[in-house]
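Colleague: Sharing a sequence plus its predicted fold:
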Amino acid sequence: MCQKLIVVFLALSLFSCKKKDTTEPPINVNLPPLLEQSVSPVTTDAAINIFTDNHYVYFKRDITALNRLCIFLPGSGAKPENYKLFVQKAGSMGYHTFGLMYPNPSGIYNNGTCETSPDNDCFYKLRLETMRGTDESTLIDVNAANSIISRVKKLIQYLQTQYPTDNWGQYVQSNGDLAWSKIVFAGHSQGAGHSVFITKFYPIARAVMLSNKDFNTVSNLPAGWYALPNVSTTNNIFAFTHTNDEYADQQIVWNKLGLASFGGIVNIDGASIPYSNTRRLTSLVPPAQLSGSVVGAHASVAADAYTPKDASGKPVFDKVWEYMLTF
């Protein structure tokens, strides 16, 4: 009888312990109001072995979440840390946000390569390989693990594991695909091109194109991929550039994308939201560095060091960024 009572007591004790465990507070309950973190791509996936500078993550927990993800893609040779201001702006609006490090070498889209290639699909092949990691171009070597799409998934999965109460996991579906309709891609220069290229394949919520053109100087034509049908709606492509940044070619690209259907070109200097609801925006505000140069103008619409600031240090383009990110 004593042995039976001991067994019953132990069983009840074990049950009691297990029940107590289930009432423990969930992980990450008392997190700080702001998540701002640099994350090595290798930490998210050991198979990533090129272009391993840190991703930049920014999420405000003290405001209502939009349940949309904004992914920023840097320009050629640049890093996510060069574009914190844009990412922070998106975060201040309620987006889950990050700047993604991806294969973005300098020189392969211009300087004697695709820009002057007799192959009309040169730009297309480069961007497809970078996006998916399939073997398309001799100018770049990107496998699946190093591709944009895989890096996005791995970073989301990493953040969901680290911060489960932040709900990063909503951006990957149960079948492993990205939840495209919840995702905004934005980018500068080469990154801007990728952001719009993705609209040709996936139904993303929006693409924000900051200073981009894939333009062949021999044929004097924009890349053929711009004219491909969109899986995303054309209405959700927004473009912004500095008027001193190869403006004529960029206008041709905008027309090829069909953006003229949604209003004229609006100079945002002195104007206010909603900028006549157009999708084509420009500015003549001098860059913070290299004022008067094409390089400075090109970088000014997105890069932290070049984008102009007001007397308080706030980016002059804060409102145009907000307009392009508002639904």
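Modeller: Everything's here; your move.
Colleague: and stretch 120-135, which residues are buried?
Modeller: For stretch 120-135, the neighbour count (16 or more other CB atoms under 10 Å) marks 122-133 as buried. C-beta here means a position set from N, CA and C on the backbone, and glycine is covered the same way.
Colleague: Identify, from the residues you listed, the entry nearest to Tyr247.
Modeller: Proximity of the buried residues of stretch 120-135 to Tyr247 was ranked by CB to CB; the top entry is Phe123 with 19.6 Å.
Colleague: hang on, the closest one is in a strand, isn't it?
Modeller: No. Checked against DSSP: H, G, I helix; E, B strand; the rest coil, Phe123 lies outside a strand; its state is helix.
Colleague: OK, contacts around it?
Modeller: 109, 114, 193, 214, 223-225 (CB atoms under 8 Å, 6 or more residues apart in numbering).
Colleague: From the residues you listed, which one has the minimum pLDDT?
Modeller: The member of the contacts of Phe123 with the lowest pLDDT is Tyr109, and it reads 91.
Colleague: Where do the helices of the protein begin and end?
Modeller: In the chain, the helices defined using DSSP state H lie at 2-22, 41-44, 84-92, 122-132, 148-162, 190-197, 247-256, 294-300, 318-325.
Colleague: that older thread, among the buried residues of stretch 120-135, which one sits closest to Thr44?
Modeller: Among these, Gly133 lies closest to Thr44 (CB to CB), at 15.2 Å.
Colleague: so that closest one touches Lys153, yeah?
Modeller: No. Between Gly133 and Lys153 there is no contact under CB atoms under 8 Å: 11.8 Å.
Colleague: My understanding was that Pro41 contacts Ala47; is that so?
Modeller: No. Contact status for Pro41 versus Ala47: not in contact, 9.9 Å apart, counting by CB under 8 Å.
Colleague: Surely Asn67 touches Lys182?
Modeller: Yes. Contact status for Asn67 versus Lys182: in contact at 6.5 Å, counting by CB under 8 Å.
Colleague: Can you give me the distance of the residue lying closest to Ala239 once chain neighbours are set aside to Ser189?
Modeller: With sequence-adjacent residues excluded and distances taken as CB to CB, 6 or more residues apart in numbering, Ala239 is closest to Met209, at 4.5 Å. Using CB to CB, to the nearest Å, one gets 10 Å for the distance from Met209 to Ser189.
Colleague: Look at those two and report which has more neighbours.
Modeller: For Met209 versus Ser189, neighbours defined as other CB atoms under 10 Å are more numerous around Met209 (33 against 26).
Colleague: Quick one: residues contacting that one.
Modeller: Taking CB under 8 Å, 6+ apart as the contact definition, Met209 lies against 186-187, 192-193, 195-196, 237-240.
Colleague: Could you check how far it is from Arg151?
Modeller: When CB to CB is applied, the distance between Met209 and Arg151 equals 20 Å.
Colleague: how about the buried residues of stretch 120-135 in CSV, adding distance to Gly263 and pLDDT?
Modeller: Putting these into CSV (distance: CB to CB, whole Å; pLDDT from 0 to 100) gives the following:
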residue, distance to Gly263, pLDDT
Cys122, 32, 96
Phe123, 27, 97
Tyr124, 28, 98
Lys125, 33, 98
Leu126, 31, 97
Arg127, 27, 98
Leu128, 31, 98
Glu129, 34, 98
Thr130, 31, 98
Met131, 29, 98
Arg132, 33, 98
Gly133, 37, 98
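Colleague: In JSON lines: these, plus distance to Leu35.
Modeller: JSON lines is the format used below for these (distance: CB to CB, whole Å):
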{"residue": "Cys122", "distance to Leu35": "39"}
{"residue": "Phe123", "distance to Leu35": "36"}
{"residue": "Tyr124", "distance to Leu35": "36"}
{"residue": "Lys125", "distance to Leu35": "37"}
{"residue": "Leu126", "distance to Leu35": "33"}
{"residue": "Arg127", "distance to Leu35": "30"}
{"residue": "Leu128", "distance to Leu35": "33"}
{"residue": "Glu129", "distance to Leu35": "32"}
{"residue": "Thr130", "distance to Leu35": "27"}
{"residue": "Met131", "distance to Leu35": "27"}
{"residue": "Arg132", "distance to Leu35": "29"}
{"residue": "Gly133", "distance to Leu35": "28"}
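Colleague: I figured Tyr163 hits Pro32, correct?
Modeller: No. Here Tyr163 lies out of contact with Pro32, judged by CB under 8 Å, at a distance of 10.9 Å.
Colleague: More neighbours: the two, which one.
Modeller: Neighbour tally, Tyr163 and Pro32, criterion other CB under 10 Å: the higher count belongs to Tyr163, 19 against 8.
Colleague: Quickly note the distance from that one to Leu178.
Modeller: Tyr163 sits at a distance of 18 Å from Leu178 (criterion: CB to CB).
Colleague: Same check on Cys122?
Modeller: Applying CB to CB, the value for Cys122 to Leu178 is 27 Å.
Colleague: Fine, thanks again, bye for now.
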